[in-house]
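Enquirer: Quick one, fold the following:
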Amino acid sequence: METVADGLIGAIGNTPLIRLKRASAATGCEILGKAEFCSPGGSVKDRAGLAIIRDAEARGLLQPGGTIVEGTAGNTGIGITLVANALGYKSVIVMPETQSKEKIDTLRMIGADLRLVPAKPFKDPGNYVHVSRRLAEELGAVWANQFDNLANREGHRATTGPEIWKQTSGKVDAFTCACGTGGTLAGVSLALKARKPEVKIVLADPEGSGLYGWVKSGDLTVTGSSITEGIGQSRVPENLNGVAIDDALKIGDPEALEQIFDLMIHEGLSVGGSAGINVAAAIRVAREMGPGHTIVTMLCDSGARYQSKLFNPEFLRSKNLPPPPWME
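Expert: Now for the predicted structure:
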């Protein structure tokens, strides 16, 4: 070890870039995945949690012993709760009850005050984001507001993007990832474009999200659905506004699952649904650009957070999706 991390906070970020062997061989490109499952809370959202809390501290909004409230699909809630624990704050997490059992159990395990609500669209006042905002107001707490809080993308501009640049020695040609809050794609775009304007930034979008249409034609119309959690939007989060995005790709669940299962059984990499979307998109970008390029994407979290869905043959068959071949 080169250094000793200063507690949980010091261990967030500086994750490895892993060469995805089969994807690289199939395309003639270097396809690299940023292993965010190596972060202490197990996902890329540790970065957002830390950035949002540090920003609230800097602005004098979060006082010692204070409370931070967030609406989340799970991973940001886990990141915020762990950072809050480490820094002496309380956390209240509002989450749709449809999210994976593993994330629900983890939040309870780590001490979050968890409030589960029915899954409702953003336009509905009962949507988890609106519930979390009202709850923060009632409690006199800080509302993290990860979707529209620019501290989210700033955290990635200051850490994730420069890490990718350094790890590739500036030879990155394209970056692609899916968006929930948009913080990762936006922050990495800002960081990489400042260093290399010609780098290609591609938004990967699941079915059931409007961001693909927004990038391609300014149309946020939503069609289809996806079993992935925490990504896709029917609106444009503030984190994405004013950020350079060169293209978008729509990735269906079958294509994502193919990559998830392939990485698991052939490369020993356990990843979640958003990573499947990301790797599938990176392969498509590599094929469009041609051999010899370096494409980076995000391995956002581990498949262990989705055992009851992604690795549950009964669940997958109920959605007309293929189960892992070794589990049939």
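
Enquirer: Give the other helices and strands that the longest helix along the chain contacts.
Expert: Using DSSP state H to define each element, the chain has its longest helix at helix 273-289. Counting contacts by 3 or more C-beta pairs under 8 Å, 6 or more residues apart in numbering; DSSP states H and E, helix 273-289 packs against helix 21-27, strand 30-35, strand 174-178, strand 200-206, strand 247-251, helix 253-267, strand 294-299. Where you see a C-beta, it was placed from the backbone N, CA and C, and this is true even at glycine.

Enquirer: Show me what the fifth one is packed against.
Expert: In terms of contacts (3+ C-beta pairs under 8 Å, 6+ apart), strand 247-251 is packed against strand 200-206, helix 211-217, helix 273-289.

Enquirer: can you check the second one too?
Expert: Applying 3+ C-beta pairs under 8 Å, 6+ apart, we find strand 30-35 packed against strand 17-19, helix 21-27, helix 160-167, helix 273-289, strand 294-299.

Enquirer: Check the secondary structure at the closest residue to residue 77 other than its chain neighbours for me.
Expert: Here the nearest residue to residue 77 in space, its sequence neighbours aside, is residue 93; by C-beta to C-beta, 6 or more residues apart in numbering that works out to 3.8 Å. Judged by DSSP: H, G, I helix; E, B strand; the rest coil, the three-state class of residue 93 is strand.

Enquirer: So residue 93 is in contact with residue 106, correct?
Expert: No - if you go by C-beta atoms under 8 Å, residue 93 and residue 106 don't touch, sitting 10.6 Å apart.

Enquirer: So between those two, which is more surrounded?
Expert: Between residue 93 and residue 106, counted using other C-beta atoms under 10 Å, the more crowded position is residue 93 (28 against 22).

Enquirer: contacting residues around that one?
Expert: 69-70, 72, 77, 80-81, 107, 112-115 (C-beta atoms under 8 Å, 6 or more residues apart in numbering).

Enquirer: ditto for residue 92
Expert: Here residue 92 is in contact with 67-70, 112-113, 115, 132, 135-136, 139, 141 (criterion: C-beta under 8 Å, 6+ apart).

Enquirer: quick one: which of the residues you listed sit in strands?
Expert: Applying DSSP state E to the contacts of residue 92, the entries found in strands are 67-70, 113, 115.

Enquirer: Kindly reformat those as JSON lines containing pLDDT, distance to residue 295 and neighbour count.
Expert: As requested, these are exported to JSON lines (pLDDT from 0 to 100; distance: C-beta to C-beta, whole Å; neighbours: other C-beta atoms under 10 Å):
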{"residue": "67", "pLDDT": "98", "distance to residue 295": "41", "neighbour count": "18"}
{"residue": "68", "pLDDT": "98", "distance to residue 295": "35", "neighbour count": "26"}
{"residue": "69", "pLDDT": "98", "distance to residue 295": "37", "neighbour count": "26"}
{"residue": "70", "pLDDT": "97", "distance to residue 295": "31", "neighbour count": "32"}
{"residue": "113", "pLDDT": "97", "distance to residue 295": "40", "neighbour count": "16"}
{"residue": "115", "pLDDT": "97", "distance to residue 295": "39", "neighbour count": "16"}
